[in-house]
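Participant: sequence unknown, structure follows:
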């Protein structure tokens, strides 16, 4: 009888130890996870889009060299630049080069892929993707308008 | 006389009254002792766990100070592009965010001694990203055909830089007249490593 009671007490004590240990482990897990710094900051993505839209492109029209934002409008209207190239062609090469130079994408880097989208009245007019998409991402979007028409540029960075 | 007493373990048979009292006292004492030991053990456990967390958290105060310095640099880099010393304002037609006036920056660089200690960081520089990511330092002689505008740099140990994208703009001459040229750049701020 006595040994049975002692066994019950021991089981109770062991249970308490297990519960407290689990709580401690969960707490420790959160503590260590918080100290892990993610390389990519969301403000970087936001400022990236804003700066890209202001960047001067190689496309020149009668009014001078176009910014990327104006180049998007020209591309949608299927216009041509003074050098004979189509606005869409230059938009594509400009955004490709900008993204390539700005973000180091690869298997050995924190950034695994990126996705750049341009929408006009919620319809996709441009898409640029690089690398393999993962579950974690940081993204931002920048809306802008022209003659009552809504545009949006969004950029997502995928990381491990 | 036979007494049957119910205990937690079942029934036990006791004989004289005195013996019964002693045994009852002993049982109670045992229970109190068990509770006391349990309380002491649990308290000790929590104290040890607390000490473990305390040591883990405060063993690296230097690292914490480093992180605070880095965070300050990060906060500065977010707002610096839109500060009056850097921002384009309305110089290029309309008001723009994250736009840095290159001409203004070059003049600021020439008078940087007036700003010593103003931002409280070790280094501020702008690196062009697109279309040209050259590594040539900008001077009044080669600007804007250069890659890095070193605005301010203290001769101390520096922490890794915090950076933010900006649009670096200036007035450019062409056959069609003067126009606003903007390039994509990174504004970089490094804090001093005091560890």
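Facilitator: Structure's in. What do you need? Treat the numbers as computed from the prediction; the structure is a model and nothing was measured.

Participant: could you report the neighbour count for residue B:104?
Facilitator: 18 (other C-beta atoms under 10 Å in any protein chain shown). Bear in mind the C-beta positions are built from the backbone N, C-alpha and C, glycine included.

Participant: I meant to write residue A:80 there.
Facilitator: 15.

Participant: that one is in contact with residue A:87, isn't it?
Facilitator: Yes: applying C-beta atoms under 8 Å, one finds residue A:80 in contact with residue A:87, separated by 6.6 Å.

Participant: which residues touch residue B:170?
Facilitator: Counting by C-beta atoms under 8 Å, 6 or more residues apart in numbering or on different chains, residue B:170 makes contact with B:101, B:102, B:103, B:144, B:180, B:181.

Participant: which stretches of the chain have low pLDDT?
Facilitator: Assuming you mean chain A. Filtered on pLDDT under 70, chain A yields the residue ranges A:1-3, A:32-40.

Participant: if you could check chain B rather than the one you did, that'd help
Facilitator: B:1-24.

Participant: quick check: phi and psi on residue 117?
Facilitator: Let's take chain A. Dihedral pair for residue A:117: phi -130, psi 140, per degrees, to the nearest 10.

Participant: switch to chain B, please.
Facilitator: Here residue B:117 shows phi and psi, under degrees, to the nearest 10, equal to phi 80, psi 0.

Participant: now the strands for the chain?
Facilitator: Using chain A. All strands of chain A, identified by DSSP state E, fall at A:56-61, A:64-67, A:111-120, A:123-131, A:136-146, A:149-159.

Participant: if you could check chain B rather than the one you did, that'd help
Facilitator: Along chain B, the stretches classed as strands by DSSP E are B:3-7, B:10-14, B:99-101, B:123-130, B:148-153, B:162-174, B:177-190.

Participant: excluding chain neighbours, give the residue nearest to residue B:120 in space.
Facilitator: Among residues not flanking residue B:120 along the chain, residue B:72 sits closest, at 7.3 Å (C-beta to C-beta, 6 or more residues apart in numbering or on different chains).

Participant: separation between the one you found and residue B:159?
Facilitator: Distance of residue B:72 to residue B:159, computed by C-beta to C-beta, to the nearest Å: 10 Å.

Participant: what's the domain layout of the chain?
Facilitator: All of this is about chain A. Domains of chain A are assigned by automatic domain parsing as A:1-35, A:42-159.

Participant: meant chain B actually
Facilitator: Chain B breaks down into these domains under automatic domain parsing: B:3-67, B:70-190.

Participant: so for residue A:44, which of those sits nearest?
Facilitator: Relative to residue A:44, the nearest member of these by C-beta to C-beta is domain B:70-190, separated by 6.2 Å.

Participant: in JSON lines, list the strands of chain A along with distance to chain B.
Facilitator: JSON lines is the format used below for the strands of chain A (distance: least, C-beta to the nearest C-beta, whole Å):
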{"stretch": "strand A:56-61", "distance to chain B": "5"}
{"stretch": "strand A:64-67", "distance to chain B": "4"}
{"stretch": "strand A:111-120", "distance to chain B": "14"}
{"stretch": "strand A:123-131", "distance to chain B": "14"}
{"stretch": "strand A:136-146", "distance to chain B": "10"}
{"stretch": "strand A:149-159", "distance to chain B": "11"}
